[in-house]
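Student: Sequence first, predicted model second:
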Amino acid sequence: MDPPFTQNDVVSSSHTRHHHSPTLMYFPSSDDDDDNDTVSPSAASIHSTTKRLDCMLQFLDRKLSTSTAPSSDHTRNRPMPEFVARGGGTGIFRLPPRAAVHPLRPPSLELRPHPLRETQVGRFLRAISGTESQLWAASECGVRFWNFKDLYSSWGEGDGEGEGGSGVRVGDEESVPFRESVWTSPAMCLVADDGNKLVWSGHRDGRIRCWAMDGGDGDSDHDRVVLEDNRKLRSPFKECLSWHAHRGPVLSLTITSYGDLWSGSEGGAIKIWPWEALEKSIHLTREERHMAVIMVERSYVDLRSHLPANGSNNMLTSDIKYLVCDNSRGNVWSAGYFSFALWDARTRELLKVFNTDGQIENKLEVSSIQDVSVDLISASRKDKTQSSVGFFQRSRNAIMGAADAVRRVAAKGGLGDDNRRTEALVVTMDGMIWTGCLSGLLVQWDGNGNRIQDFIYHPFAVQCFCTFGMQIWVGYVSGTVQVLDLKGNLIGGWVAHSSPILNMTIGSGYIFALANHGGIRGWSITSPGPLDSILRSELSGKEFLYTKVEKLKILCGTWNVGQGKASQDSLTSWLGSVASDVGIVVVGLQEVEMGAGFLAMSAAKETVGLEGSSVGQWWLDMIDKTLDEGSTFERVGSRQLAGMVIAVWVKIDIRFNVGDVDVAAVPCGFGRAIGNKGAVGLRIRVYDQIMCFVNCHFAAHLDAVNRRNSDFDHVYRTMSFGRPTSLSYATAAGTSSVPIFRGTNSAEGIPELSEADMIVFLGDFNYRLDGISYDEARDFVSQRCFDWLRERDQLRAEMEAGNVFQGMREAEITFPPTYKFERHQAGLAGYDSGEKKRIPAWCDRILYRDSRSSSVADCSLERPVIASVLQYEACMDVTDSDHKPVRCIFSTDIARVDESIRRQEFGEIIESNEKIRCLLKELCKIPETIISTNNIILQNQDTLILRVTNKCADEEAFFEIRCEGQCTITEDLVSNHQLRGSFGFPRWLEVIPATGIIKPDHIAEVSVHHEEFQTQEEYVDGIVQNSWCEDSRDKEALLFVKVHGKYTTQTRNHSVRVHHCYSSKKNPIGSQPNSSGPVQGGVLHRSDFQRLSSSYDVVDQLQKLHNP
């Protein structure tokens, strides 16, 4: 979130301004020459304006409707009177915090709003990576990218698949416009090369693919012409280059400070793809692509072939989950779950191998590495030629590993050393390395692999890191994001998503976080900070512009079927007769099947993750038929626990607004383990709001009131939702390697049910009538004197006392007690007349809680779900069970955010709000810096010092040195500078540190060293085939020292030419250590260096150098 550029901010072209000021693209000026071909107003802007007007008109209608008399239609659908239980609004029954802008986290930019899980099957996002102008994402079907210049834009009308368009997939209608690649195997990782405008992706099928940032295939200018067309977002783009890199999946990628591409796979496989081979291949024509693939596939360097045969190669057999380049030292870190390896990026030598405790591994004790024993067998299967461990050695390691695992389970309850497993890795600007563990432990290492210190701020698994400036962002499996400084101090944190954070990246002044559900949110890199309060206030004030209220009717039905089966007429009377006018149908059944043998089998199946029965399926199929499933309704989820079943059907026309179906079960029978009593639950997201439906069967008998209260409390506190296993879209559960997290607030002890915007409890609660005889009850029922009976109702009394169903509502009961009846006897004469003569009771009930904190409230983003009961009745004509079925029809108003409009309002505030502009200008300023020279002359094995001085007195400066290209000089002719991968240095040049932090009024010293590299080697299939002497011509490298501030991605650049004079070899500088002559190129040698206390000393010294 950088402020608009000014002429004095940075030395950059107008093209750079174009990318870093997305709001300028959102509101193009009429005199902008670049926009002459743009149709104004665009279809997207017209569509956006129409949506805003719709929200405003709806807002006015709601306000006017509250002050006018109800119409005849309103009178006909007038809500029923309700009884509200005491005890709500406090403790675990407190309403979840809701607002136009989430009150517990900084305001966020919804780049890709949370899509429904069911719409993402086969194309979940796995990773994201930011470039200077784009955000790229790896998905299960390829890659996609968003342009930062479109950051606040939206799709035009008709672009969505769900509305007849052909450009946007279902689930991405409110996303920032993006482009998607052709179908590929699942992409596992990404790395960007801003220098050559390329993105590399590693895939599950072992292939590496190269993509052009402009979305073309790198073949001709035709791709760029296509990009100018407004329909460009609908056409998938192709890769520039693709080759088979590994036998197993490509798990990690990185580009080193020398421009080479490194890839990691299973079994410890690490391959280097030299930039020379990649460069030749990507510049070949389409007709020559087959040659390019062969050239690249055979050019790799197999690092394990470089290792000595004394055991080092045996140590590196765990999967290479992470590859990270330490540009400050020119090293590469590779990591498995329990061990690390440190490599020299230039020489490709193995420097060090150590475990998560920082202990250097013994090369001879292979079995001491925890992850080796597990991965040796799979590694040998996948790549037999890459393992020198014999069969007996592998067997020994596997047996010892298994025995060690058993000991760990016995000693530490099944977790053991797994808590030390590395889950994330990052290199910060100060040259430190941070790792995150499964236990939530954060470990800081120095660049040499020495463990410095540990921190733990959140007891959940770390999933990812991101760093910029002086801050580190940590993403957890709980959905929480925390911000730390480089010393490890906690600055702030918030719940960023409702599911695990998979990946984070920096781009366009935002920190973007990808969640397991596929949503991507961005926060200003200044958060938490003063910008947040201004944004929150401004966005909240515009709530009416982006808030929509959807109206929906929900039919809930409960029936204790008493182990019987119903006729089609009974189901039609109960559900089919009223289902035509509702959008969602929820059905809870009890006692579909009972008996000791069935209950024992059900409990056994639950322990291995199985559920359901043939009788339960019969009931679901019958209700499908009643609701005309497939043409009118679609069943979206169900769950069975012993005799309890819950299922939800959704009308076809709102199907794409309902999803994220999760289910749960809580047994309350013997020992809280048997499902004869308990509850089954189902959670869904409806118009972006969470609804939970819980079907309960509590303890029986008149005097078991406290047991019933206890059953409710146990269900409410412990119900934990997970994904269903029986539906066609359940394959999504296996798409992510991240474990499913059960709720976002477990750390605070808040139940998952408390996070719902609406909860409906239905079922056979088994509460009876107190202080009344069988005959008295029959008399009152026959006279329909329900008021007096309600005063004897145990449930009503317990709710009044605040002992159960705290804060929940029930419509006034106007139907006779639903228990107990003789089967197949119609009318009120059917009450139990047997020997026991059970007193009639309202055992079967439906209660709910919405977002209201008072009896009267308007629907808004602060109170997103407001419900009322239109019908609450029992079907007394149904005689298939000893209970009567009960149904309740809710009328619900659901407030939701139109994310595309909110995103545009967000952009307008950033662009137009004067306070924000001034604040950003102050926060995002670039410290003034100077360099000691812009011309360096090196001779063989020479080392010179480049000094970068921070002249700012109160802000740190952050620098990164890149190589914009190198060339060969012959006879005073300079050829064009050729760029290596990701601004990599040539192999003859060593720059340390290439990144760093300069304190206020301090100087950074950078060593610029010529490394003799007289032979070059060509690898074929990982083996050196050819080597030749390096040419003796002079060379030149063009370096850029890029300086930025703490909160800005904009940079101020200093150029430095580094010239290597090969012809001066006969007279090396080192032969005259005491020479007092002038220094070539105006550079101080290290031996001539003097400590300068301030930037003024540097200026004086430079003046002396240039004016001898």
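Tutor: Alright, I've got the coordinates.

Student: What segments of the stretch 701-850 of the chain are strands?
Tutor: Using DSSP state E, counting those that start in this stretch, the strands found in the stretch 701-850 of the chain span residues 758-764, 809-811, 844-849.

Student: how about those strands in a markdown table, adding mean pLDDT and distance to Thr285?
Tutor: (C-beta placed from N, C-alpha, C; glycine too.) Converted to a markdown table, the strands of the stretch 701-850 of the chain look like this (pLDDT from 0 to 100; distance: least, C-beta to C-beta, whole Å):
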| stretch | mean pLDDT | distance to Thr285 |
| --- | --- | --- |
| strand 758-764 | 98 | 60 |
| strand 809-811 | 97 | 71 |
| strand 844-849 | 98 | 66 |
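
Student: quick one: which of these is nearest Gln825?
Tutor: Between Gln825 and the strands of the stretch 701-850 of the chain, the shortest separation by C-beta to C-beta is 17.7 Å, and it involves strand 844-849.

Student: Just the residues contacting the closest one, thanks.
Tutor: Outside strand 844-849, the residues that touch it by C-beta atoms under 8 Å, 6 or more residues apart in numbering are 85, 88, 556, 558-560, 758-765, 767, 795, 805, 807-810, 818-819, 867, 869, 872, 874, 883-888, 890.

Student: who touches the residue nearest to the spatial centre of the chain in this structure?
Tutor: In the chain, the C-alpha nearest the mean C-alpha coordinate belongs to Ala515, at 1.4 Å (C-alpha atoms, centre = their mean). For Ala515, the contacting residues are His114, Gly479, Ala496, His497, Ser498, Ser499, Pro500, Ile501, Leu502, Arg521, by C-beta under 8 Å, 6+ apart.

Student: any idea how far the first one is from Arg685?
Tutor: Looking back up the chat, that one is His114. Plainly put, His114 is 8 Å away from Arg685 if you go by C-beta to C-beta, to the nearest Å.

Student: on that earlier part again, so can I have TSV of the contacts of Ala515 showing secondary structure, neighbour count and distance to Ile992?
Tutor: What follows is the contacts of Ala515, written out as TSV (DSSP: H, G, I helix; E, B strand; the rest coil; neighbours: other C-beta atoms under 10 Å; distance: C-beta to C-beta, whole Å):
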residue	secondary structure	neighbour count	distance to Ile992
His114	coil	21	44
Gly479	coil	24	39
Ala496	coil	27	36
His497	coil	26	39
Ser498	coil	19	44
Ser499	coil	22	41
Pro500	coil	24	37
Ile501	strand	27	33
Leu502	strand	25	33
Arg521	strand	22	37
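
Student: can I get the residues you listed in CSV with distance to Asn77?
Tutor: Shown next, in CSV, are the contacts of Ala515 (distance: C-beta to C-beta, whole Å):
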residue, distance to Asn77
His114, 32
Gly479, 39
Ala496, 40
His497, 38
Ser498, 33
Ser499, 37
Pro500, 42
Ile501, 44
Leu502, 45
Arg521, 38
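
Student: which residues of the stretch 201-350 of the chain fall in helices?
Tutor: Under the criterion DSSP state H, counting those that start in this stretch, the stretch 201-350 of the chain contains helices at 222-227, 275-282, 289-297, 312-315.

Student: How many residues are close by the residue lying closest to Ser499 once chain neighbours are set aside?
Tutor: Excluding the flanking residues, the one nearest Ser499 by C-beta to C-beta, 6 or more residues apart in numbering is Asn516, at 4.2 Å. Asn516: 25 surrounding residues under other C-beta atoms under 10 Å.

Student: do the same with Val948
Tutor: For Val948, the neighbour count with other C-beta under 10 Å is 23.

Student: That one sits in which helix or strand?
Tutor: strand 943-950 (DSSP states H and E).

Student: for the record, mean pLDDT for that strand?
Tutor: Averaging pLDDT along strand 943-950 yields 94.

Student: after that strand, next one along is what?
Tutor: strand 957-970.

Student: mind checking how far that following strand is from the chain centre?
Tutor: Chain-centre distance of strand 957-970: 35 Å, with C-alpha atoms, centre = their mean, to the nearest Å.

Student: could you say what helices and strands it packs with?
Tutor: strand 943-950, strand 995-998, strand 1034-1044 (3 or more C-beta pairs under 8 Å, 6 or more residues apart in numbering; DSSP states H and E).
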